[in-house]
Structure formats: C-alpha cells, structure tokens
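# Please find the sequence and the predicted model below.
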Amino acid sequence: MSPSSSESIEATHQTQIDNDLTRVTLWCLPAQTNDRWLNEGWNHIILPHCSGQIWIETEDGEWSSLDFSAGQALYHPFERARRLYNRGFETLHFTVTEIKIQPFSEAESRAKEETLTQFFEASPLALVLTGLEGIILRANQRAQEVFGMTAQDMNKSNFADFHLNPDDRLSLISTLQADGFINGFETDLKNKQNKEFTVLLSSRMMDYDGQPCFLTGIADISELKRLQTELIRLASTDALTHSYNRRAFMNRAEQEFSRARRYHHPLSVLMLDADHFKRVNDVYGHRFGDMLLQHLVKSCQSCLRQSDLVGRVGGEEFAILLPEAPLDRAQEVAERLRKFIMESEVKNQQGVCASYTVSIGAASLSDANDNFEELLHCADIALYQAKEQGRNRVVSIDQNDSCCPAAED
C-alpha cells in the first residue's frame, strides 16, 4: 500500500540527485513539519529521533517502500531510492513519522561522548570511525596497536591508505552505500610499517557529531589464515617426501584430466618405482630408505616443470602428471629422469653412500580413457612391464595400439 493523500500533506520539491532524479513528491506527517526541514533534512541531515519510510511509485502504479530507523543517515535510504528510480521507478514519496526533534543538552552530549569512548576502548576489536570520504575521526587503542600508530597520527590518516587492493575499498564502500552495513568483509591491509595482514571488516553507517560516518570493526585473521593454509598443506602432502599424498594427487589429476578431455589437450602420466627398495632397507636400514625416497622426489622436481605434479601413491611408488605432454614428450622426460637418478647417489650423515635405479611406466590420454584411474592403470601396466624386463628402464604404452607396451632401454 502507499501513503494516503487524505492522511498527509503533499508537497512538491524540485531538486536533483546526480543528474538523475529531478522530481520528488513528498508526503509528510505530521502537518507542522515545515518546508525548511523538507528542503534540508531529506537529503543529508541526520535525524536522531526520527523513523519513517520512503515510498517509490512506478509508472504502472506499483509501490515499493524503504524503511529507515532513528539515528540513520537519510543519505542511505535516499541513495537506495535513487538506485531504484534508475531502474524504472518514477515518483518518490517520503513519509516521516514519530517526529521528536529536540537538541541534546550539554550534559546529554557529554554523556553520549563518554559512553562512546567507553565502548570504543572496552572493545577487544580494533574500532575505527571514519567520515564518508575515509578520513579517520577516532580510533581505539586496539586499532592503534594494529596499525602501529598513535591516536594523533591515525586522526590525520585516510583509511583508504591502509588498503592493499583499491578495488576492495571500492567494493566495501559500494556495499555500505547500498545496504548501510557490511559483515565479514575479507581483505588485506597494511600498517604504518607496511606489514601486510588479512582482516575481516564489519562496518555500519551511523551518526557522529551530526555527520554521517562509518563505524568499522577490524579482526586480524592473519594467524588463522596461516593455520588454515598449513592444515591444507598437511592434509595434501606426504609427510616424508613433501610431495602430494595419494588423495591430493588424484584430486588434482582428475581436474587436469577433465580439462584435457574438454579442450582436447595432451596429457601424460608416469608411474615410477625405486628398484629393489626392500633390499636397500634391509642393507642400510629404514632411515636410509627414507632418505632415498626423499632424494627420489627432489630428483623428480629438479627434472620437471613447475606445472608437473609429483605424488606418492604407494610405499616406494610415485606418480608424475605431465599436462600438455604427448606420449613422445613423456618418454623423453622419463628417460632423462631415469638417467639422472642412476648417475646420482644417496649419502647419509655417517658418510655411507649408495646409488639406486628406478623403473618407469608411461601412458598418455586417449579416447579410451573415461577417467584418470584408467589412464593411471595403463601407466601402472607399463611400470610392471619395465620391472619384468629387468628394471632400470622406461616402458611406454600406446593405448591406440591395444595397450601394447613398447620398451626403451
């Protein structure tokens, strides 16, 4: 429903908002509300004891209303009204109720300021009060600690200067102007010493000393983000070799497999196994065997591209994913890796040295593969063939040739 003409006084005020809204029709209650208040109050004045609605009428007679509450800057609902007007609303109707405008006494003003100060300083969060242009009006002790600045220095600053990404600042302000508040906005800031940290911002539009402003709470979540990153790393990494564990490798490989299938790009996989690994453990001990596996992974990483993936998929078995690599390229990579490992050695702290070799199976994506597991199985067959043929060699499978393995010494 809309405001009734019989219950209100209609007045027309010619004005302009950003060259868009040129005619505003205002219904105001009660009748004693004067024209001066209409001309000044609706656009930018804060009414601490006023609540009401803005009604917007479209050309076809449909109505929409925006409520505002006591203490809210009228700039906010009128900005929303302007946005709605730009999307097809024609007439703006402003209804004000419960008008109780009276100035604060000096004692009331002082008590209000003391309450705000106590609230600011008691908060465990960093709190910053800024004008609409970002100028810091006040900041609590926690905020001064976070930004490494004194209260005097902060009061000369613009909050926008602390943002690492200007686009984040623009997005924050846009949301505040549209909704009047924002919760849990994640962004990166920097302090006076240019130390970067990640925060969650929550902000509200409010009135301070007769001016519209933003009250922003800042929670530093840098340590939480670091812990999250570490947990993700631990969940996806093999503790011994620091390569991908089987689950993480398979997840990444499935993604690459889907991408290669979708765009018809080449994709190859290698299965690699340390030859006679049990004998190494028996002769040199399990600690030496662990060092050998660590050496194997480092050797792989030194011979591969940054886009290639290495994962430990079994005890001494590793899988290597080669995006954008056809079978002949995969054979070259596998042979280079085999020779590199064969010509190197593992040495422990006691000076004990040992060399070792690897067997490698290679396979590439074909139309016969419905998923990555099938492609990996073909590489595993090639690895088995390499071991059967004497180890320390590369065997590749051409799936277009009925999965017949071809050996390379």
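All right, it came through fine.

# C-alpha from now on. contacts and neighbour counts both.
Noted.

# Need the three-state assignment for the nearest residue to residue 148 once chain neighbours are set aside.
Sequence neighbours aside, residue 192 is the residue nearest to residue 148 in space, at 5.8 Å (criterion: C-alpha to C-alpha, 6 or more residues apart in numbering). Using DSSP: H, G, I helix; E, B strand; the rest coil, the secondary structure recorded for residue 192 is coil.

# Now residue 192. Its backbone dihedrals?
phi -60, psi -30 (degrees, to the nearest 10).

# Please report the distance of it from residue 233.
31 Å (C-alpha to C-alpha, to the nearest Å).

# again, but for residue 200
23 Å.

# biggest strand in this protein by residues?
strand 196-208 (DSSP state E).

# For residue 215, pull up the helix or strand it's in.
Residue 215 belongs to strand 211-220 when assigned by DSSP states H and E.

# Same question for residue 167.
helix 166-179.

# mind saving the C-alpha coords of that helix as CSV?
Output in CSV follows, covering the C-alpha atoms of helix 166-179 (Å, rounded to 0.1, in the frame of the first residue of the first chain):
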residue,chain,number,x,y,z
PRO,A,166,42.0,-0.3,-4.0
ASP,A,167,39.2,-2.4,-5.7
ASP,A,168,38.4,-4.0,-2.3
ARG,A,169,38.0,-0.5,-0.8
LEU,A,170,35.6,0.5,-3.6
SER,A,171,33.6,-2.7,-3.2
LEU,A,172,33.4,-2.1,0.6
ILE,A,173,32.1,1.5,0.1
SER,A,174,29.7,0.5,-2.6
THR,A,175,28.1,-2.1,-0.3
LEU,A,176,27.9,0.3,2.6
GLN,A,177,26.2,2.9,0.5
ALA,A,178,23.7,0.4,-0.9
ASP,A,179,22.9,-1.5,2.3
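
# in it, what counts as buried?
By neighbour count with 16 or more other C-alpha atoms under 10 Å, helix 166-179 contains the buried residues 168-169, 172-173, 176-178.

# Ok, stretch 262-269 next?
Under 16+ other C-alpha under 10 Å, the buried positions of stretch 262-269 are 266-269.

# what does stretch 143-158 give?
So stretch 143-158, judged by 16+ other C-alpha under 10 Å, has buried residues 143-144, 146-149, 151, 154-155.

# just the helices in this structure please.
Secondary structure of the chain (DSSP state H): helices at 35-44, 75-86, 106-122, 141-147, 151-154, 166-179, 222-236, 246-263, 277-284, 286-303, 327-342, 372-388.

# what bridges to the residue nearest to the spatial centre of the chain?
Central residue of the chain (C-alpha atoms, centre = their mean): residue 186, 7.3 Å from the mean position. Applying DSSP bridges to residue 186 gives these bridge partners: residue 200.

# wait, it sits on residue 199?
Yes: between residue 186 and residue 199 there is a contact at 5.7 Å, judged by C-alpha atoms under 8 Å.

# pLDDT weak spots in the protein?
Residue ranges of the chain with pLDDT under 70: 1-106, 108-109, 210, 400-409.

# Try it again at 80.
Within the chain, the segments meeting pLDDT under 80 span 1-113, 115-116, 119, 207-211, 399-409.

# Okay, domains of it per the record?
The chain breaks down by automatic domain parsing into domains covering 5-97, 106-224, 238-408.

# winner for burial among those?
domain 238-408 (a mean of 18; mean count of other C-alpha atoms under 10 Å).

# Residues contacting stretch 286-298, please?
Stretch 286-298 has contacts (C-alpha atoms under 8 Å, 6 or more residues apart in numbering) with 240-241, 243, 277, 280-281, 310, 316, 341, 346, 348.

# mind redoing it with 10 Å?
240-243, 272-274, 277-283, 299, 301-302, 310-312, 315-318, 337, 341, 344-349, 352-358 (C-alpha atoms under 10 Å, 6 or more residues apart in numbering).

# Also stretch 249-261?
Against stretch 249-261 from outside (C-alpha under 10 Å, 6+ apart): 236-237, 243-244, 247-248, 262, 264-269, 309-313, 319-324, 365-367, 369-373, 375-376.

# which residues does the closest residue to residue 311 other than its chain neighbours contact?
Among residues not flanking residue 311 along the chain, residue 244 sits closest, at 4.3 Å (C-alpha to C-alpha, 6+ apart). Contact partners of residue 244, counting by C-alpha under 10 Å, 6+ apart, are 233-238, 250, 252, 309-313, 318-319.

# What about residue 229, how many residues nearby?
12 (other C-alpha atoms under 10 Å).

# Quick check: it vs residue 235, distance?
In terms of C-alpha to C-alpha, residue 229 sits 10 Å off from residue 235.

# try residue 327
Taking C-alpha to C-alpha, one finds residue 327 at 31 Å from residue 235.

# Likewise for residue 218?
Separation of residue 218 from residue 235 (C-alpha to C-alpha) stands at 30 Å.

# just residue 281 next, same as before
27 Å.

# For residue 356, list the residues it contacts.
Listed by C-alpha under 10 Å, 6+ apart, the contact partners of residue 356 are 274-277, 280, 292, 296, 341-346, 392.

# Closest to residue 114 out of those?
Nearest to residue 114 out of the contacts of residue 356 is residue 296 (C-alpha to C-alpha; 67.1 Å).

# Let me know the closest of the buried residues of stretch 262-269 to residue 204.
residue 267 (51.3 Å).

# ok, back up a step: identify the residues contacting the residue nearest to residue 148.
146-149, 153-154, 161-162.

# try 8 Å this time
Taking C-alpha under 8 Å, 6+ apart, one finds 147-149 in contact with residue 192.

# Now do stretch 252-263: distance to the chain's middle.
24 Å (C-alpha atoms, centre = their mean, to the nearest Å).

# same question, stretch 270-290
Per C-alpha atoms, centre = their mean, the displacement of stretch 270-290 from the mean C-alpha position of its chain is 42 Å.
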